[in-house]
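> take this sequence and fold it.
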Amino acid sequence: MADPATWLCPVCEGVNHGGRVCSTCGNRLPDGFVPRSAFRTPTPPAAPPKVVKAPSAPRTPSPAEIFGSDPFRS
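Numbers count the residues shown, from 1 in each chain. Below is the predicted model:
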């Protein structure tokens, strides 16, 4: 297995450049252990929020609808 270029120590989380021994704490990686990369992979952008249409205001009923006929008309 090829040594990763930059990796994080699982014990102290020190950043190391190549090799199998941590330069910060001296921890030796066991054979077959794949250390975490020291770089974060970018997360995909979040989907834009859905635009919700505001409910329309209720319309005002006409006097004819309220009283059955328009009492203000002669």
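> distance between the ends of stretch 47-61?
Taking CA to CA, to the nearest Å, stretch 47-61 runs 41 Å from one end to the other.
> can you give me the buried ones in that stretch?
The neighbour-count check on stretch 47-61 (16 or more other CB atoms under 10 Å) flags nothing as buried. From N, CA and C alone the C-beta is placed, and that goes for glycine too.
> again with stretch 25-34
Quick answer for stretch 25-34 (16+ other CB under 10 Å): N27, L29.
> contact partners of it?
For stretch 25-34, contacts defined as CB atoms under 8 Å, 6 or more residues apart in numbering pick out M1, P4, C9, P10, V11, C12, G14, R20, V21, C22, P35.
> kindly report the same for stretch 11-24.
Contacts with stretch 11-24, where a contact means CB under 8 Å, 6+ apart, come from 3-9, 25, 27-29, 35, 38.
> please redo it, this time with the cut-off set to 6 Å
For stretch 11-24, the external contacting residues (CB atoms under 6 Å, 6 or more residues apart in numbering) are D3, T6, W7, C9, C25, N27, R28, L29, A38.
> and those as CSV, adding distance to I66?
Formatted as CSV, those follow (distance: CB to CB, whole Å):
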residue, distance to I66
D3, 84
T6, 76
W7, 77
C9, 78
C25, 82
N27, 83
R28, 87
L29, 82
A38, 73
